[in-house]
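Visitor: Starting from these lines, generate the structure:
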Amino acid sequence: MAREFSTLLQQLLLQAKFAPDSKRLQQIEACQALIRLIKPGASYPFDFIQFHLTGYRPHSGKNFQTDNILTYNDLLRDLPAYAAQLSKTLQIPTSKAGQKVYSIKSLAKRFRVCTKTISRWRQKGLVGSYYIFPDGRQRLAFTESMVEFYVSQNRRQIQQSESFSKISPQDRQSILNRLSRWSYRCPHHRQEAINRTARRFNRSVESVRTILTQAEQDSCANIQFERRPWCIPQYQRCQIYEQYRQGIAVAEIMKNFGRSRSNIYHAINLEHAEQLLKIDIAYITSDEFEKPGNKDSILNSEHLLFPDEVSKKEKRASILQPQTKVTETLTSYVKDINVTDLLNANQEKYLFRRYNYQKFLAAKLQKRIDPQNPSGQLLNSMRLYMRGAQQDKDRLIRSNLRLVVSVARRHTRNEAEMTELISEGNMALLNAVDKFDYSRGVKFSTYATWAIVKRFATLRTQQNKRPVHETSEELLVEVAHDMRVKDSRVAAVETARKSLEEVMAENLEDRERTIVKEHYGLIRQTEISGQRKAKSLSQIAQVLGISKERVRRIEMFALQKLRRVMSQEQFDLLTNA
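Guide: Model (predicted):
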């Protein structure tokens, strides 16, 4: 199973994988240098770690921010994993190391320890990288300088590991006798018995566990520990995954459920895989996604289009959530969204391409997920691609929120109604980002404007489909004032209008219905004049992003359709409005 490490370093690793080879080599060397720099018991802000690994100092002032803290133990465990995973993306021959390198087996032979001991040393600060050996295979190896540094920092541990010898038959029997007594007194505390026995005989936990496992397989062994089933029930997996997402340490989860670390991680991966497999990943495909060598140019060209320094406006805008309700007042909402910089054509195309490409990569990884035995590394890679795609989508949405307000203002001037239209328009914008094909060369603002207008038209239709018997007296008076008719004819006229709405909904397309309703003033009346406000063909053309002549032709075809299916009263009501 792939090693889990800090989410912050996972994000940094995803970015580093798309960096040039020279930069990745520098980061691997920086991991070794950083291991030498950190001190036991200390804690370090993530900005500090990022600076030493990448050379990039965040633009947050001279001092490093302390919002995200990594402890010495975290770094000691995570930096070797970071260097190893990053080196996998390179093809580094052993000759480029410039010094002697040890494979896991050769290093174990040098110190007369098992390979599992070397793996434990890696979790305590021994940094290794993947090299191409003379036989052509890529293996994890350790440089001479890194090994010497680790030995100088852990002499006592090295000496203790070297002092381990082969277990004699007498010692093995003594261990079994002690475990047997434990099994009678505490049959449910198998792991605790292993740990204490290992300390008592100065042996590794793995050695004692191996002896116990072999004895349990022997039917004559007098040991009766009640082993819990390895398979974790579904309800417990959900609880474990939820606690892990809440940030509870794995060691604490192990205590809560009485499970080993490998059991906990396997449960987390199973639940994580189940969640990821439920995602329906839809994207706009492109031929360039399949071409080899395009990955770096698509994912790692942001610095060419966007300035390195993030403006204060963008920082403020990053806290906005366009999916939620607008702020309490329209003025404050407009003020908030105006702080986000607009995108030019090249920036917009780059973000849409990267957004869909990351979902394309995530979809490929999703097909490789094994629900029964998922790979933690594969799950993390897919999650990071989905997170990157979501960040690009949020950026595209934030830069187009002003477009929603602009289109809403063309449909009403009433603040209460505009709030509703903006909310609906934001939802249309969210869907438009997913469906927009950047490769066609059309501006997204044109496509989004049509999607927003169509959403507004649907909203109007739904509002106008209320049954006649539900129409309040206030609405009847409003209709009478709007259409300049006598009160006695209000009900009849309103019934005719409802029938008109139904006929239009059944026989006209969305765009035709929108043009007819806008041109003949079938939208709700204005609050100021109390009259329906008809729009000219030019105004409608501007909203829909098409020519005036095209609007006129669409209207003509729509009226011809209605003339064939409407009664004379309905058609007169429409054209004389």
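
Visitor: where in the chain is pLDDT low?
Guide: Scanning the chain for pLDDT under 70 picks out 1-5, 58-67, 160-166, 219-221, 227-230, 307-329, 463-500, 523-533, 567-577.

Visitor: How is it divided into domains?
Guide: 7-163, 169-217, 234-277, 287-430, 465-575 (automatic domain parsing).

Visitor: And Tyr82, how far from Ile49?
Guide: Between Tyr82 and Ile49 the distance is 10 Å, computed by Cβ to Cβ, to the nearest Å. The way it works is simple: take the backbone N, C-alpha and C, and place the C-beta from them, glycine included.

Visitor: Need the overlap of contacts for those two.
Guide: Residues touching both Tyr82 and Ile49 (Cβ atoms under 8 Å, 6 or more residues apart in numbering) are Leu9.

Visitor: How about Asp74: what's its closest non-neighbour residue?
Guide: Distance criterion Cβ to Cβ, 6 or more residues apart in numbering; nearest residue to Asp74, sequence neighbours excluded, is Ser6 at 6.2 Å.

Visitor: show me what contacts that neighbour?
Guide: Contacts of Ser6 by Cβ under 8 Å, 6+ apart are 70, 74, 78.

Visitor: Quick check: strands, which of those are part of them?
Guide: Leu70 (DSSP state E).

Visitor: Which among the domains of the chain is found nearest to Ser439?
Guide: Of all the domains of the chain, domain 287-430 sits nearest to Ser439, with 8.2 Å by Cβ to Cβ.

Visitor: Run the chain-centre distance for the closest one.
Guide: Relative to its parent chain, domain 287-430 has a centroid offset of 12 Å by Cα atoms, centre = their mean, to the nearest Å.

Visitor: And for stretch 42-53?
Guide: From the chain centre to the centre of stretch 42-53 is a distance of 24 Å (Cα atoms, centre = their mean).

Visitor: Output that stretch as CSV, nothing but the C-alphas.
Guide: Provided in CSV are the C-alpha atoms of stretch 42-53 (Å, rounded to 0.1, in the frame of the first residue of the first chain):
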residue,chain,number,x,y,z
ALA,A,42,10.9,21.6,16.6
SER,A,43,7.9,22.5,14.4
TYR,A,44,8.1,24.3,11.0
PRO,A,45,5.5,26.2,9.0
PHE,A,46,4.7,24.8,5.6
ASP,A,47,5.9,28.0,3.9
PHE,A,48,9.3,27.3,5.3
ILE,A,49,9.4,23.7,4.0
GLN,A,50,8.1,24.9,0.6
PHE,A,51,10.8,27.5,0.4
HIS,A,52,13.6,25.0,1.1
LEU,A,53,12.2,22.4,-1.4
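
Visitor: What residues sit buried inside whichever strand or helix holds Tyr44?
Guide: Tyr44 is part of strand 43-45 when elements are defined by DSSP states H and E. Neighbour counts over strand 43-45 (16 or more other Cβ atoms under 10 Å) mark 44-45 as buried.

Visitor: Excluding sequence neighbours, find me the nearest residue to Phe360.
Guide: Nearest non-adjacent residue to Phe360 (Cβ to Cβ, 6+ apart): Phe289, at 5.0 Å.

Visitor: related to what we said a few turns ago, could you dump the domains of the chain to a markdown table with distance to Val442?
Guide: Shown next, in a markdown table, are the domains of the chain (distance: least, Cβ to Cβ, whole Å):
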| stretch | distance to Val442 |
| --- | --- |
| domain 7-163 | 28 |
| domain 169-217 | 62 |
| domain 234-277 | 32 |
| domain 287-430 | 11 |
| domain 465-575 | 10 |
